[in-house]
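Peer 1: what follows is a protein structure lacking sequence information:
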Ligand SMILES: Cc1cc2nc3c(=O)[nH]c(=O)nc-3n(C[C@H](O)[C@H](O)[C@H](O)COP(=O)(O)OP(=O)(O)OC[C@H]3O[C@@H](n4cnc5c(N)ncnc54)[C@H](O)[C@@H]3O)c2cc1C
Ligand SMILES: Cc1cc2nc3c(=O)[nH]c(=O)nc-3n(C[C@H](O)[C@H](O)[C@H](O)COP(=O)(O)OP(=O)(O)OC[C@H]3O[C@@H](n4cnc5c(N)ncnc54)[C@H](O)[C@@H]3O)c2cc1C
Ligand SMILES: Cc1cc2nc3c(=O)[nH]c(=O)nc-3n(C[C@H](O)[C@H](O)[C@H](O)COP(=O)(O)O)c2cc1C
Ligand SMILES: Cc1cc2nc3c(=O)[nH]c(=O)nc-3n(C[C@H](O)[C@H](O)[C@H](O)COP(=O)(O)O)c2cc1C
Ligand code: FES
Ligand code: FES
């Protein structure tokens, strides 16, 4: 009963960060338990809300003890009614928070070289991860990409936390014009990275997995599936992942993820907006019967 | 198209008034059009609201021109999710307002004596009415009743606006212990009142109608039926009222009311929480067929 | 983006079984009274059609109160078809709408199939008949002969009503059957009414519901049961439209216009019903929240179509069936 | 007012066709997985019963994604009964629940009536069988033999399933049929299953719905249609419970326990279903909003009954029928 809590979280600071809203919540209990790569689920819309489902956000960073008790920082991109509502919160407004949720980024046992790749707000959890890795003696090179400069997040923080930071934008408004996958192979090779951590859109995660695979590095990718509950009870957030036994299962990304080994994800099953069940997945044949 | 407007109303002041919340809204267009006895319909719950229906509130007073443009004052008793939400609004919060709605209190052509009776927040529209009547040379005696002192509203304002103010409370915490109908007959008789205006719970309106009838005064009562739209399109707010032709019809209290002549209301049809269709009402027989 | 510009650029016109409407947005029966009240907020002639409150033969008082209960993102109502009766309707309401230049889709009902036909016949003989662009037959009302089961729950009873109404109206008058979602197989009902002369179908009427007043521990509505409507039921409306349109595309049911209604609060919502197969849409309960809603939905829909690059509304009707 | 004190003062126990439960609040199938996840938020043994995710004979992958769409005050889901199959369920999930002291209402389904019976037989032979307080038969799933029409839409198919399942289980095991609201006459279905040996009925499963993704102009769910649930549908659930209870009181249907489910978000909401006739309630979709909801609803219900002066939960079951 102790790895997750459900609390009323109070906003104590809000600020713009490029295209994003950076919010700090007092969330007693969440901060103390959280590790990089985990996320929280927030209710949205207030007490009269027509929105039943929680919205999930990666934990940007935590400070377990502060003037107000433990705080949790989130980076929110306003894309629809739930994230819009969150981005209009002011100091002292409250909402319900459940967390920390999901499995964190697994940390290497040895002091190996690592590369961290963030796409858009996907960089939110990476600074904290970088700090944690450096504390363990790992080398950390960071690549941050986005469509355009305003959609980059955390470049300054990354520069303080990492050994190097490379920026890419699709439109060339900052850093290299192009994709993170353009600059990634050289970086992975340069220091013989053993692990590539990534967080961002599915297409990027797949590309990162390919690059890592080509050099023998392990890819650890944090996915972002549509989630109704965030706590493992609804089965909406599934994706096909191959287990140690070689069997592909539709696993819940909220409890078995959001971090998966990239080479275990069945990228072939994803298309446009969704994901098919691979024919060889466990239980796929029963679906064909009825 | 010009007697009613739909505007985004901004809260500019809030204060407690006993058990009630007194809110001032900037509502361009509403203030200029309103007359005592009319009401407004507010949407509640914000942009993500699960509450579709507007909540109706009597206009306490208006100031057609001010620093911010016309303002509308409302007195809100927090009794459920909609009124709760309104009572937590802070300065600069906004909500949609439709108004002014309904028919105002009809004003006497001559400078006659009048008595104004308010129950609970039902006194909200009465001060403005008192001022309007006094401007026309009418004598105005006011009776304000409530369950207990904190549920009285506007006693101070009434003292400034009226010739006399009598207070009653069920528990005797202020004024006479008892009901407004205990003190009303003497007041009506004292100055030979021609009109008794009343706003408050149904039971009180019926009692006021009886008292007025006994002395030959006309009762003008503002009712409070449950309203889904407030603008006359849903047919939920009906009550049986007898017309000039002697025929009882289920009329919409939002457009043909909220002010009715008390002796036209079919009080016999009301019970506990609702109102039956009287057997002799127009169209009642068609309901019995199917 | 100017919504007015959008409204100009996109051809919003649609076809209602031979009658061309300038745009596909209507009021929903019982959610707009008979026009006067909403005309204070917008010009009723700006709509594709104005759908009137269901009228029966005689004046009806409707049910006692309370007649409504708010529900999450919806409401329950039991009005009981309060109305003036068809004669007063033809003398007062219809001429008023005609004078405003409104196109009127008149909603009618009866307690027996014969009463439906009588109401249609009275309507046909009205002086203001030329304002009528069609008749919506509200078969979601109780059938006196069948222990009060609603007509729309029974294919045979529904077909009988449509046959009799059809006989009383000119061949070129669209006669639209309004269906209830409270059935096991809505395609079977659609098939029955279209086979009996209906020009098209409107879907959906309200869902049967009950709300208990937990203070008094008794049903909240005076009429016990009521009809559930509002955004809460939109997914059911989209499903009904989807199923009937799919059956038309599969050749199981004759192709005919569908009017979509249920939970529309915005142009985006309207587009859901249109993409599922509706050639026109009605805006109901949300009008209680926003009296300008029907016109706003028209403007939002036009802006949305323009933003997506569609030149004609009709290009989007049923489009989701092509993108499976 | 202390809610814990309320829980102590009011006798919350209820009867599920011979089995006594300490309180009437359960999880809803498919909204609570099989216990481990919610046990992080509250003790699963504190519920009247824990209702497991519907399990079929073989492991099932469920459908592709997206599997959900949020709707106003509700959601649409198309999970496709993903699950481990009855053998793995009996080896892993049921023993875990038993070890926690939970009372388990096991939800089962099949693509044919025979498959339902096979699942029941496997369950009966489980080592953890003594944790089972009843079997909920989810007949709201497609019938392979009948072009995919769901069993619960057809009285005869529903009855056949109940007959076969009943045969495989001890006489004293409550067998509860879970009904779909998507039927013209839910009383007829309740009557059929109760006549075929069901101990009681659970109402309601989700309503069939469709949501269109208006960006892509195609159905949003990978499985096209989905089930609508949440507070949006509560009035439909209350109505279904009301109708079946009324038919029992009128002697049209055998008297039997009803489990109410649909849109419960609070103790007040639960009381609506109870007053309409439910002897127990299930808390579904709201669990996604508040993972502590099932226990919270139990506490709120107890506090509410105490505040109203009721000493026993069973005194309120169906009370609204006495107050018409
Ligand atoms: C593990 C995880 C971590 C995330 N971290 C962040 C973050 O740090 N910053 C951030 O801005 N966003 C993050 N997201 C995405 C964020 O949850 C969605 O943008 C948000 O839920 C959108 O809600 P909405 O109401 O604004 O939009 P809508 O599109 O209207 O949402 C409708 C529904 O779809 C779901 N949904 C929509 N988009 C997404 C999405 N991209 N991922 C998952 N569910 C979605 C919503 O939860 C909601 O249930 C994360 C998502 C997950 C699953
Ligand atoms: C013409 C008119 C003038 C009013 N003036 C005032 C006023 O000046 N101050 C004030 O505090 N209240 C006033 N009311 C009552 C006020 O509208 C309700 O208290 C309020 O709507 C309750 O909403 P809720 O969500 O808080 O409560 P709930 O009880 O949860 O409301 C549920 C539904 O019932 C309706 N409803 C509940 N109680 C009432 C009621 N007493 N009258 C009408 N509808 C109701 C609501 O509008 C809503 O649709 C007035 C009502 C009317 C019709
Ligand atoms: C208060 C009210 C009254 C209604 N009266 C009628 C009616 O008289 N005739 C009819 O066919 N439908 C009637 N309806 C149903 C609506 O026309 C519409 O089919 C339904 O409400 C679903 O649409 P909505 O969700 O947009 O409201 C009524 C609905 C409401 C809410
Ligand atoms: C995501 C999800 C999955 C569900 N899975 C099942 C299931 O496996 N078996 C079943 O009988 N009902 C299932 N249901 C239906 C619920 O048990 C319940 O009957 C319905 O959701 C109405 O209750 P609610 O409004 O409280 O959710 C599911 C509902 C949801 C939302
Ligand atoms: S989001 Fe509900 S199981 Fe993962
Ligand atoms: S409140 Fe809708 S008609 Fe009066």
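Peer 2: Received, thanks. Given the structure is predicted, the values throughout are model-derived calculations rather than measurements. Numbering: from 1, shown residues only, chains lettered A, B, ... in the order given. Ligands and ions are numbered 1, 2, ... in the order given.

Peer 1: just give me the neighbour total for residue A:29.
Peer 2: 19 (other CB atoms under 10 Å in any protein chain shown). In this view, the C-beta of every residue, glycine as well, is placed from N, C-alpha and C.

Peer 1: these two touch, right, it and residue A:70?
Peer 2: Yes - at 6.9 Å, residue A:29 counts as touching residue A:70 under the criterion of CB atoms under 8 Å.

Peer 1: so what's residue C:1 scoring on pLDDT?
Peer 2: Listed pLDDT for residue C:1 reads 38.

Peer 1: same check, this time on residue C:9
Peer 2: 78.

Peer 1: what do you get for residue C:146?
Peer 2: 77.

Peer 1: same question for residue A:176.
Peer 2: pLDDT for residue A:176: 94.

Peer 1: what's across from it in the sheet?
Peer 2: residue A:168 (DSSP bridges).

Peer 1: that one and residue A:183 touch, don't they?
Peer 2: Yes - Residue A:176 lies in contact with residue A:183 (CB under 8 Å); the separation is 5.9 Å.

Peer 1: hey, what's in contact with both of the two?
Peer 2: The contact sets of residue A:176 and residue A:183 overlap at A:166, A:168 (CB atoms under 8 Å, 6 or more residues apart in numbering or on different chains).

Peer 1: out of the two, which sits in the more crowded spot?
Peer 2: Ranked by neighbour count (other CB under 10 Å), residue A:176 and residue A:183 place residue A:183 first, with 19 against 15.

Peer 1: could I get the phi/psi values of that one?
Peer 2: Main-chain torsions, residue A:183, degrees, to the nearest 10: phi -100, psi -20.

Peer 1: what separation do you get for the nearest residue to it once chain neighbours are set aside and ligand 6?
Peer 2: Nearest residue to residue A:183, sequence neighbours excluded (CB to CB, 6 or more residues apart in numbering or on different chains): residue A:166, at 5.2 Å. Plainly put, residue A:166 is 63 Å away from ligand 6 if you go by CB to the nearest ligand atom, to the nearest Å.

Peer 1: repeat for residue C:118
Peer 2: 28 Å.

Peer 1: shouldn't that residue be within a helix?
Peer 2: Yes - counting by DSSP: H, G, I helix; E, B strand; the rest coil, one finds residue C:118 located in a helix.

Peer 1: count of residues packed around the residue nearest to residue A:183?
Peer 2: 21.

Peer 1: confidence score at the closest residue to chain A within the stretch 1-150 of chain C?
Peer 2: Closest to chain A within the stretch 1-150 of chain C is residue C:73: 4.8 Å, counting by CB to the nearest CB. Residue C:73 is assigned 98 on the pLDDT scale.

Peer 1: does it touch residue C:289 like I think?
Peer 2: No - Residue C:73 lies out of contact with residue C:289 (CB under 8 Å); the separation is 10.6 Å.

Peer 1: give the residues shared as contacts by those two.
Peer 2: Joint contacts of residue C:73 and residue C:289 (CB under 8 Å, 6+ apart) are residue B:52.

Peer 1: neighbour count winner among the two?
Peer 2: Neighbour totals were compared for residue C:73 and residue C:289, and residue C:73 leads with 27 against 23 (other CB under 10 Å).

Peer 1: hmm, who's touching stretch A:267-276?
Peer 2: Outside stretch A:267-276, the residues that touch it by CB under 8 Å, 6+ apart are A:202, A:206, A:209, A:239-240, A:277-278, D:64-66, D:213, D:216, D:222.

Peer 1: now do the SS call for the residue of chain A found nearest ligand 4.
Peer 2: Residue nearest to ligand 4 within chain A: residue A:234 (4.7 Å; CB to the nearest ligand atom). Of the three states, residue A:234 takes coil according to three-state DSSP.
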